[in-house]
Structures are given as structure tokens and as C-alpha cells.
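Student: structure of the sequence below:
(2 chains)
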Amino acid sequence: MPEMTFAQAIDYALGEAMAADERVITLGEDVAMLRRELLVRFGPSRVLQAPISEAAFLAAGVGAAMAGLRPVVEIMMVDFIAVALDALLNQATKVRAFSDGRWNVPLVVRAACGGGYGDAGQHEQCLWGLLSGMPGIVVVVPSNPADAAGLMLSAIQCDDPVVFLEHKLLSDYWLDYLGKGGRETVSFDVPEAGARGEVPMPPEPVPIGKAKIAREGRDITMFGLGVSFHRCLEAAGEMENDGISAEVVDLRSACPLDRELILGSARRTGRVLVVDEDYVGYGLSGEVAALLAEAGIKADFARVCAEGVVPYARQMEDEVLPNARRIREAALRLCG
Amino acid sequence: MKPDVRELYRQMARMRRFEEELARLWERGLISGEMHLGVGEEAVVAGVLAHLEEGDAMALDHRSTPPLVGRGVSMESLLLEMLGHPDGLCGGRGGHMHLFSREHLAASSGIVGSSAPLACGFALAARQLRPGKVAVAFFGEGAANQGMLLESLNLAAAWKLPVVFVCKDNRWAITTRSRSVTGGCLLRRARSFGLPAFRVDGTRVERVWAAAGKAVGRARAGRGPSFILASCPRMEGHFLGDPMLRVFREPVRQALEIGPPLARALLSRPLSALPARVLNLGIIGKALTTLGVEKYVLERDPLRRAAELLPEEQRLRVEEEVGREVEEAARAALAVVEGR
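Tutor: This next block holds a predicted model:
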């Protein structure tokens, strides 16, 4: 298996899908530069440069999907989806329900997400909780190159709207454009295991809604996804010194959640810590708690999430986003 | 009325020197994230701001430092903000794309197009609470394809709001040539909403000043919104470290990075697609060429043009004064950050 960066893996899978099926197109702002290799391969009729008009081109993606294409629409950063939310909230996710399953929307929305490079909370949000709140949507958040390629394939094959979120700390080009800008004077806490890794060739679809136990443990289960998952692994390693055996689960999608795996792990360890770079309230962490409560599982529960609007200053940002120190402290309290 | 050319130049120089300082701090890694400078937009900003008075409001985009400097926000507090210090304008929480000064009724946002509806709201409040005061929206031509911006033009016209929409046309929407993703003409677009629209060379501060005088005057007199389309250069790319500009600044390194994947894409199977792919490659080449010609061949620096309006001696005095002001602010801000 060749080694690739996280970003290469996504575009590799997208390119394979485009080569295999001419209904797959991609469009969005700046795609001629961002997806230049795909532009060279497939031309401007399948790699479409869009104006800064998210509301129009995302909703056009919905129409194109309804009429036979399989569009991968890029919303440069997921924060900008706010401008175009109607396309998902009231259009894409309503079609299957309103048509009683007679019509569907095979649309992929691809967007960069997440923080850790000092761009502040209008460009560093995750928003998968907000997006997952829409009935009929799928939201995937890969944490490594193989999953990124596999989930992109599955997203394109899915017959319903999928939001594919690409964390900027894992995608080298985004981090270079937005964080580094070619400078050698700044540094970031990049989880190396997520930014680079082996990818099967040809890429293999990763089933949507299947979480993965990345590290087995007895005392506590830590659930994370994207970069938060790597922060969990880091904390779990440190907690060995505390005599705590932590299980770490990569949820891989915010919606749907892998109910069976979550319940099974929580039952075994009896303690659950959800680590979520998205907002603490009304989101993923609360959803996991609800799953446990509905299944009658009595587990000690805590969460480490983004505490409010992500501030600009790096040192303040570090305190707001989940980090290994906060995770470990919360885990120790749960196990104490 | 004639413009106070010395004062216009002084303001433009303040904006430019301040942003040059920002660029230095950013290069040193003391400022994090993206950094969108308004270098090249100074004549547009200064020409409009010269007509504003206390109680007027500004809705700003991601290039908001020049208007804030021009409006009198303390340079030191702006610098401390960018340096991420709790004593900064927004406590270090906003950063350069999210600068707010309630005192100056000035707010910026990194969401493209959002300054237009915000300015409509500012204008609505002005009409009711501060009659005779106006609101200005600054945005780029790339924002003019955003639905909320076009809706705002209509709203302002329908409600006859005291707004001046200032479109800084630098011809680039991030890495995309605006013309290639824009239908029709922006001036006619604005007029079709019933707004008087003025086209002006945004590198000539005296011309911006004249057009803005008419627009602000109309708004103040309760005669409704207007639209200024001011062309200007984008001298530092979309943001500092713009990858497209890096192609020119470090061609060998960039060619080594960008070249091999492009070659692989060119030669990926089926090979029969090769001729079409060469044409596709031309799209990227053309964009880069256009950018390079504009940046490195056509020199349209508004600051230099404004300098030509002043006698040499006066110009030097202004530059010295401005240089000192920025230097002192930077020294003071760095002293705070370093705890001196």
C-alpha cells in the first residue's frame, strides 16, 4: 500500500470515482487551483469553478443530484455553509421524505473544518453537531488517509446527502494556505498518524456509520473523531502512567452513530468520555449520552468539547479546543 | 469643494505603513492564521472615510485594518489584538478578520458579502436614532455574486436607507479571475436595483473622494443608497503567503512541489485524453500569467499616485510623521507583549 497525505488520499479517491463514473463532478470556489490535478484530468466541464455564491451553487448541486449527476460540492470551509444552509436543511434532506422515497439526492458536500492554527471561530468551526441535527443527512469525519479515501468513495456512492469534513490540521495544503502561509516561524500540533499513512490501491470504501476501536481498554471509553480522536489516543497513552486503561474509539461519522459499538464499549468499561471539537451543547456529546440513557446503560459520563466561540489568540484557542491535558484531567475525574 | 490632499495622503500612508508592520510581525510568526491586507485599497478607503463624521458606521470585510486605522482606532490596540494579547482591541479573541470597535460603530467579518446587510442594519438604526448619519459597506467585487449582498442592494433601495456600498474591484475572487465567474456588469447590476452607481479609478484618491462625496451626501440628505465601483490592485495577493504569488517568488521550489502531481494527472490513463488535458492545463497557466502580469508588470500603486499630488517637501514630512507613529505603536505593543 502506498503512503499518502490525508489530502492526497481524498483527491485520489475522488479522482478514481470520477474516472469510473462520468456522473461524478466537482464544483466550488477556486477548484481550478485547489483541484488542479482533477481539472487537468477531467476538464472544466467536470471540475467547475464557482463564484462566491454558496447559496446558489450548493442548491444547484442539489438539483444536479436530483437530475442524475453525483456532484461533490466544495464549501471551502464548513463555516461558510451557513450562507447556504437552506440547500441542505430545507431542500436536500427533504426530498426523500417528501417524495415518499421516490426521489433521492446523491450529493456530497466537501468542506474543510476545525481549528488549531489561529484563524478564530468564524473559520475554525466543526459544526457537525449542527449539521447532524437535520433528519436525512450523513456527516463523516475521517481521522486518517485510508479512512479519508474510503469515506470519500462511500460518500459518492451514497444515495443521500453526505457532508464530508476534512480537518485542516490533517490536510497539509489547508494548513499551509491558512496557517503557515509559507512561513517557517509558526508550528502546529499536527497528529502525524492522521496527516500521513497508507492507503489501499485501488481505494476501498469504508462503510458509513461504522466506528472503530483503535485502542482497547478496561477502565474508560473515550469517543472522538477527526483530530479529537488523535487527542484521545495521546491522552490514553499518558494515562497508562496513571494506571488507567483507556479504550479509544474513532467514531468516524457524527451521523449516523455506530450505536452497537458505542453501547458495547460503554457497557464494558462503565465510564464514557466524549471528546468533541464541536460545541459542547446540543450536539454530538449529548447525542452519545442520550444513546446510553435510552439503552439503560448506567455509565459515568463526561465530555471535553469546544467551550464557546474559538478565540483568535493561539494560547486562548489551545484552552478552548480539546487537548490531551484537558482530556486526561476529565478522565482522571471520571475514574477517581 | 477640493480635497485636502495632504490629509488624504497622510491617511493612506498610515494605512500602508501600519500594514507593512503587520506583514513583518506575521512573517516573524507573531501573528497567527491568515492575514489579508488591504494594501492597494488605501485610496478607496481614504477617499470614502474623508467624508465620514462621528456617528457614521462602517461594515467591513476581511481587509478591515485600513478603514479602522483611518477611522482613528488606536494602532497599538490593533497591533495587540493581532498579537493575540488580552489588551488588544477585542481582547485577543477576534484577530484581523473579526475586529469590532463599538465606539467607532465599526465591525468586520470574514464571511464574504456579509458587510452589505450589516450596513443596511446600521443605516436603519442611524435613520431612527441618529438622523443624518450614514453607514458604509466595504466589500470586494468577489462578494458581488453573494446572494445576501444583492438582496441588500434591493433592501437598501426599497427602504431608501442611508448606505453607501463601496465595491473594491481588484478583479480577483481568491484565486479566481472574477470576470470568469461573473455575469454582466456590476455597475449596471447596481443600477438595476435603482441605485445611483459611480465607477471610479480607485487608485486615484482624489477621484474616489469626489465620487464618495456625492454618495455620502445623498445618504446624509435622506436621498437613499448609492453604489461606488472602485478599481484597485491586489498587491499582496489574496493573503500573505498566497500560494499563487509564491509561484513567482520561489519558482523552482514551487515547480518541484506542483509539477510532479500535475504531470501524473496529465499522463494518467487513458492516454488518449492527453491533448484535452494539455488544454486544461492551459486554464491554470492563463490564470497564473494574468496574475503575474497584473502584479509585476502593471504598476498601479495608489499610494505612489497620491504621493505625486504633494510637493516633495510636504510628502517627506508626512512620511516621517507617519513612520514615527507606526514605529512607536509597534514598539509599545511589542513591549506589552514581551511584558516590559
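Student: and the pLDDT at B:E299?
Tutor: pLDDT for B:E299: 78.
Student: that one belongs to a helix?
Tutor: No - checked against DSSP: H, G, I helix; E, B strand; the rest coil, B:E299 lies outside a helix; its state is coil.
Student: and it, how many neighbours does it have?
Tutor: Using other Cβ atoms under 10 Å in any protein chain shown, B:E299 is surrounded by 12 other residues. The C-beta positions use only the backbone N, C-alpha and C, and glycine is treated the same way.
Student: one more: the one 5 residues further on?
Tutor: In terms of burial, B:R304 registers 10 neighbours under the definition other Cβ under 10 Å.
Student: please parse chain B into its domains.
Tutor: B:5-235+B:301-337, B:243-297 (automatic domain parsing).
Student: just the strands from the chain, written as ranges.
Tutor: Using chain A. A:3-5, A:24-28, A:47-49, A:70-77, A:108-113, A:138-140, A:162-167, A:196-198, A:212-215, A:220-224, A:246-250, A:253-255, A:271-279, A:300-306 (DSSP state E).
Student: my bad, the chain I had in mind was chain B
Tutor: Counting by DSSP E, the strands of chain B are B:57-60, B:100-101, B:106-108, B:135-140, B:163-169, B:172-173, B:176-177, B:197-201, B:226-231.
Student: shouldn't A:L153 be in contact with A:E16?
Tutor: Yes - counting by Cβ atoms under 8 Å, A:E16 is a contact partner of A:L153 at 7.4 Å.
Student: who has more neighbours out of these two?
Tutor: More crowded of A:L153 and A:E16, by other Cβ under 10 Å: A:L153, with 21 against 18.
Student: now the more buried one: closest residue in space that isn't a chain neighbour?
Tutor: The shortest distance from A:L153 to any residue other than its chain neighbours is 4.4 Å, reached at A:P205 (Cβ to Cβ, 6 or more residues apart in numbering or on different chains).
Student: contacts only, for that neighbour.
Tutor: A:150, A:153-154, A:157 (Cβ atoms under 8 Å, 6 or more residues apart in numbering or on different chains).
Student: ok, now A:C335?
Tutor: So A:C335 contacts A:219-220, A:242, A:244, A:271 (Cβ under 8 Å, 6+ apart).
Student: with A:A331 instead?
Tutor: A:220, A:222, A:235, A:239, A:244, A:246, A:273, A:302.
Student: pairing partners for the first one in the sheet, please.
Tutor: The residues paired with A:I220 through beta bridges, assigned by DSSP bridges, are A:A246.
Student: rewinding a little: show me which pair in the contacts of A:P205 is furthest apart.
Tutor: A:G150 and A:Q157 (10.7 Å; Cβ to Cβ).
Student: neighbour count: these two, which is higher?
Tutor: More neighbours surround A:G150 than the other of A:G150 and A:Q157, with 24 against 16 (other Cβ under 10 Å).
Student: quick one: the more buried one and A:E16 touch, right?
Tutor: No - with contacts counted by Cβ under 8 Å, A:G150 stays clear of A:E16, the gap being 11.3 Å.
Student: mutual contacts of these two, please.
Tutor: What both A:G150 and A:E16 touch, as defined by Cβ under 8 Å, 6+ apart, is the set A:P203.
Student: any weak-confidence spans in the chain?
Tutor: No chain specified, so I'll use chain A. Of all residues in chain A, none has pLDDT under 70.
Student: my bad, the chain I had in mind was chain B
Tutor: Looking at chain B by pLDDT under 70, you get an empty list.
Student: quick check: buried residues in the lengthiest helix in it?
Tutor: If you go by DSSP state H, chain B has its longest helix at helix B:312-337. Neighbour counts over helix B:312-337 (16 or more other Cβ atoms under 10 Å in any protein chain shown) mark B:315, B:318-319, B:322, B:325-326, B:329-330, B:332-334, B:336-337 as buried.
Student: looking at those, spot the one nearest B:E42.
Tutor: Closest to B:E42 out of these is B:V322 (11.8 Å), distances taken as Cβ to Cβ.
Student: from memory the closest one sits against B:E21, does it?
Tutor: No - the pair B:V322 / B:E21 is not scored as a contact, 11.2 Å apart, by Cβ under 8 Å.
Student: number of nearby residues for A:R102?
Tutor: 8.
Student: check A:M1 too.
Tutor: A:M1: 9 surrounding residues under other Cβ under 10 Å.
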